[in-house]
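S.K.: got a predicted structure plus its sequence, pasted below:
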Amino acid sequence: MTVRTEDEAGPGAPGRHAGAGTGSPGRPADVGSGTSAGAPAGTAADRLRGTRLAGQVQFLTARARSRGTGHANALLRRELELKVSHFSVLSLAASGVDPTQRELSEFLDLDPSQVVTLVDALEGRGLVERRTDPRDRRSRIIVATPEGRRVERRGNALTEASDREVLARLSHAERDVLRDLLTRIAF
């Protein structure tokens, strides 16, 4: 990727790398904790935290999601051989709401083919089953089996433990505010 400085492209111009400063022509200014060019300064996160990108909500939510999902995936994989995407489908199937595959796709914001793959995997393990939807016989609802409900309970405990770990730097009140704000954005 070519990085153009403000001298070449002007502030916020297309092609300007987010966070690139006003260094000499052809070279972005140093960012972060005032280290000189080329000098190591801790982790990449430490070095890049002062960039414009690091303050953008879309980046921050994507990074937070990645960190949370990665941590939860590690716990779920180790103990239940599941990933967050599988657990999400299983959790909704165990909720008693009897979602259709189409509803799962819409709620989880996944392509319908991804939901089919996830349901197939869970069904193959005996954790969910497809049943005819009594509201519309053309549709299938996804329902957790007794084993699926047991696995979902354990998975729920693991994802709650992951939340506590990932959000440890936040107070309980801050976690509640974060959950409320994310819910307002998501729905």
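M.R.: Good, I have the coordinates. As the structure is a prediction and not an experimental result, all values here were calculated from the model.
S.K.: going forward, measure contacts between C-alpha atoms and count neighbours the same way
M.R.: OK.
S.K.: tell me the secondary structure for residue 177?
M.R.: Using DSSP: H, G, I helix; E, B strand; the rest coil, the structure places residue 177 in helix.
S.K.: any idea which strand is longest in this protein?
M.R.: The single longest strand within the chain, with elements called by DSSP state E, is strand 136-144.
S.K.: give me the helices and strands touching it, please.
M.R.: helix 84-93, helix 101-108, strand 128-133 (3 or more C-alpha pairs under 8 Å, 6 or more residues apart in numbering; DSSP states H and E).
S.K.: what comes up buried for stretch 88-105?
M.R.: For stretch 88-105, the neighbour count (16 or more other C-alpha atoms under 10 Å) marks 88-94, 98-102, 104-105 as buried.
S.K.: start to end distance for it?
M.R.: With C-alpha to C-alpha, to the nearest Å applied, stretch 88-105 spans 11 Å between its terminal residues.
S.K.: so what touches it?
M.R.: The contact list for stretch 88-105 (C-alpha atoms under 8 Å, 6 or more residues apart in numbering) reads 108, 110-112, 114-116, 118-119, 122, 127-128, 133, 139-145, 148-149, 152, 156.
S.K.: follow-up on the earlier one: need the contact partners of the longest strand of the chain.
M.R.: Here strand 136-144 has contacts from 90, 93-94, 96, 98-101, 119, 127-133, using C-alpha under 8 Å, 6+ apart.
S.K.: quick check: buried residues in it?
M.R.: Buried residues in strand 136-144, counted by 16+ other C-alpha under 10 Å: 140, 141, 142, 143, 144.
S.K.: can you tell me the centre-most residue of the protein?
M.R.: residue 65 (3.1 Å; C-alpha atoms, centre = their mean).
S.K.: give me the below-cutoff pLDDT ranges for this protein.
M.R.: The chain contains residues with pLDDT under 70 at 1-41.
S.K.: where do the helices sit along it?
M.R.: Per DSSP state H, the chain carries helices over the ranges 6-9, 44-48, 57-80, 84-93, 101-108, 112-124, 146-166, 172-186.
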